[in-house]
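Trainee: The following comprises the amino acid sequence and a computationally predicted model.
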Amino acid sequence: MLTEGEASGYDLKKAFESSFGHCFAAGYGSIYPALAALADNGCVDCEEIPQDGKPDRKVYRITDKGWEMLREELANPAPSHKVRSEFLAQMAFAHLMTPEQVQTVLDSRIEDAQRNLEFIDEFEHSCDCDWPAGVRFTLGFGRAMLHAMKAYVEENRHMFDEEGTTTKKAVAG
């Protein structure tokens, strides 16, 4: 994100949410430790800007070493693609939930996907930017994943009827 210019941790969080929120969780708890590690490795510089009545604002910028490291990472022909989903982990235990709980979780997932689709649309239309192909690809990929997830949940929620979510223990009782 610093390739676009210097930024604070707050600026980076907002940029992540608007561009990569569908594929990366980027909270302050991950951004600031990453910035500290990058600074320790000489990949970013940090300037502290005094503010009246507030803590100093830390603004980060990528260094030559950071650019070199980024270019090495971008040269990787097979980057990993891992999906970390608390939703899928929870659904793996749907048999331990009531049918109402399962349907509530599924409703929530559908609503969340719709909100994220609307967010991507708003982000794309919020400026007259000539987005680079990689940004357009990433946004399109996120949109496709959200549409596919929403459709899958809607088309397969019938799998979780009362019989399908009952545990073996409950059936035996």
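Mentor: Structure received.
Trainee: Check the offset of the strand or helix carrying residue 142 from the chain's centre.
Mentor: Per DSSP states H and E: residue 142 is located in helix 133-156. Remark: helix 133-156 is offset 13 Å from the chain centroid, using CA atoms, centre = their mean, to the nearest Å.
Trainee: With stretch 48-68 instead?
Mentor: 24 Å.
Trainee: hmm, who's touching that stretch?
Mentor: Residues outside stretch 48-68 that contact it (CB atoms under 8 Å, 6 or more residues apart in numbering): 2-3, 5-9, 12, 35, 38-39, 41-47, 70. Every residue, glycine included, has its C-beta placed from N, CA and C.
Trainee: which intervals of the protein have sub-threshold pLDDT?
Mentor: Within the chain, the segments meeting pLDDT under 70 span 18-26, 128, 162-173.
Trainee: What is the longest helix of it by residue count?
Mentor: Identified as the longest helix of the chain according to DSSP state H is helix 99-125.
Trainee: angle of that helix against helix 133-156?
Mentor: Here helix 99-125 runs at an angle of 160 degrees relative to helix 133-156 (axes from the mean of the first three to the mean of the last three CA atoms, to 10 degrees).
Trainee: Start the count at 644 instead of 1 going forward.
Mentor: That works, and once the first residue is 644, the last one we named lands at helix 742-768.
Trainee: Show me what helix 742-768 packs onto, helices and strands only.
Mentor: In terms of contacts (3 or more CB pairs under 8 Å, 6 or more residues apart in numbering; DSSP states H and E), helix 742-768 is packed against helix 652-662, helix 729-734, helix 776-799, helix 805-808.
Trainee: got the CA positions of the helix holding residue 785 in CSV?
Mentor: What follows is helix 776-799 as a C-alpha-only set of coordinates in CSV (Å, rounded to 0.1, in the frame of the first residue of the first chain):
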residue,chain,number,x,y,z
ALA,A,776,-5.4,-3.7,-14.2
GLY,A,777,-4.3,-5.4,-11.0
VAL,A,778,-6.7,-3.3,-8.9
ARG,A,779,-9.5,-4.0,-11.3
PHE,A,780,-8.7,-7.7,-11.3
THR,A,781,-8.6,-7.8,-7.5
LEU,A,782,-12.0,-6.0,-7.2
GLY,A,783,-13.5,-8.2,-9.8
PHE,A,784,-12.2,-11.3,-8.1
GLY,A,785,-13.6,-10.2,-4.8
ARG,A,786,-17.0,-9.5,-6.5
ALA,A,787,-17.0,-12.9,-8.1
MET,A,788,-16.1,-14.7,-4.8
LEU,A,789,-18.9,-12.8,-3.0
HIS,A,790,-21.5,-13.6,-5.7
ALA,A,791,-20.5,-17.2,-5.7
MET,A,792,-20.6,-17.5,-1.9
LYS,A,793,-24.0,-15.8,-1.7
ALA,A,794,-25.4,-18.0,-4.4
TYR,A,795,-24.0,-21.2,-2.8
VAL,A,796,-25.5,-20.4,0.6
GLU,A,797,-28.8,-19.5,-0.9
GLU,A,798,-28.9,-22.7,-3.1
ASN,A,799,-27.7,-25.0,-0.4
